[in-house]
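**Student:** pasting the structure only:
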């Protein structure tokens, strides 16, 4: 299918985390129609091997391109770390926007020289994170934590429960004791609990949400490619999940503030098929 101004943007994540990126995209480029793919049959991606995540990412990209996507947003830090370079090689000519841990702005703005980074194991193990740290974190102490269980709480819509608070307390209290003044959110799920994070760390600790910067990059690529929508009003949203349709549909108003049709898909080997 030929990609054009009227074609949609494709956005994907292992689950609902990428909705934080979609939310930012809608604020900046609301006229664009969007296809959102939540691979909830495989969530979370964090503990999976890089090769497995790469395979999932390629299959989802093929599916979104088959529906006419003109640009692909890898709205998942784990998938970006594992697959972004591979996707650009495999699908030449397709514009991709990925997630990069916001270590650079954190390092530039920290006053104490101590920064907390919250991300998945695969993100920490990836070459992308290592490259960012090497380039931008000289002279800065990075305290890393994988926040076990936090993605699952957010996937369930538990944004402000005792269990979610306990996970964040266990992660952030030791970091506070070591002097952090900035927190980098290296997983797209985590912006949904920024209010709870801020309650735990207090107003003097800066929390960096990468989604607005990603949305700005989407806008730049749409402009440079000449495919920005010229439409008025809000573009159409269409959602796909490889997990439970009802759960995603239930969470859309809470996490995105919008809704739309949710369709289920199944994995057939390395390919994806719509269910009837």
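**Tutor:** Right, received. Where do you want to start? Just so you know, these numbers come straight off a predicted model, no measurement behind them. Numbering: from 1, shown residues only.

**Student:** Which stretches in this structure count as helices?
**Tutor:** Using DSSP state H, the helices of the chain run over 19-28, 50-66, 77-90, 103-109, 121-125, 127-136, 150-155, 162-177, 194-201, 211-225, 245-255.

**Student:** what's the least confident stretch among those?
**Tutor:** Among the helices of the chain, helix 121-125 carries the lowest mean pLDDT, a mean of 87.

**Student:** If you count contacts, what does it end up packed against?
**Tutor:** On a contact count with 3 or more C-beta pairs under 8 Å, 6 or more residues apart in numbering; DSSP states H and E, helix 121-125 meets helix 50-66, helix 77-90. Quick note: C-beta positions are derived from backbone N, CA and C, even for glycine.

**Student:** contacts for it?
**Tutor:** The set of residues external to helix 121-125 that reach it, using C-beta atoms under 8 Å, 6 or more residues apart in numbering, is 45-48, 50, 53, 77-78, 81-82, 101, 117, 129, 144, 146, 186-187.

**Student:** Same check on stretch 190-206?
**Tutor:** 17, 19-20, 106, 109, 118, 147, 150, 154, 159-160, 164-165, 168-169, 172-173, 176, 180-183, 185, 207, 209, 211, 255.

**Student:** Ends of it, what's the gap?
**Tutor:** 14 Å (C-alpha to C-alpha, to the nearest Å).

**Student:** Can you give me the buried ones in that stretch?
**Tutor:** Applying a neighbour-count criterion of 16 or more other C-beta atoms under 10 Å, one finds 190, 191, 192, 193, 194, 196, 197, 200, 201, 205, 206 buried in stretch 190-206.

**Student:** Buried only: go through the contacts of stretch 190-206 for me.
**Tutor:** By 16+ other C-beta under 10 Å, these give 17, 19-20, 106, 118, 147, 150, 154, 159, 164-165, 168, 172, 176, 180-183, 185, 207, 209, 211, 255 as buried.

**Student:** Dump the buried residues of stretch 190-206 to TSV, plus distance to residue 272.
**Tutor:** Formatted as TSV, these follow (distance: C-beta to C-beta, whole Å):
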residue	distance to residue 272
190	26
191	27
192	26
193	29
194	32
196	34
197	34
200	38
201	39
205	40
206	39
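
**Student:** How many residues are close by residue 51?
**Tutor:** 11 (other C-beta atoms under 10 Å).

**Student:** and the gap between the closest residue to it other than its chain neighbours and residue 121?
**Tutor:** Counting by C-beta to C-beta, 6 or more residues apart in numbering, residue 51 lies nearest to residue 82, which is 7.9 Å off, once chain neighbours are set aside. Separation of residue 82 from residue 121 (C-beta to C-beta, to the nearest Å): 11 Å.

**Student:** These two: who's more crowded?
**Tutor:** residue 82 (29 against 16).

**Student:** so that one makes contact with residue 57?
**Tutor:** Yes - the criterion here is C-beta atoms under 8 Å, and residue 82 meets it with residue 57 at 7.0 Å.

**Student:** Residue 263 touches residue 242, doesn't it?
**Tutor:** No - look at residue 263 against residue 242 with C-beta under 8 Å: they stay out of range, at 10.5 Å.

**Student:** Give me the more crowded residue out of the two.
**Tutor:** Taking neighbours as other C-beta under 10 Å, residue 263 and residue 242 compare with residue 242 leading, 22 against 14.

**Student:** Relative to residue 52, how far out is the more buried one?
**Tutor:** Relative to residue 52, and taking C-beta to C-beta, residue 242 is found at 14 Å.

**Student:** for residue 149, same thing?
**Tutor:** According to C-beta to C-beta, residue 149 stands 21 Å off from residue 52.
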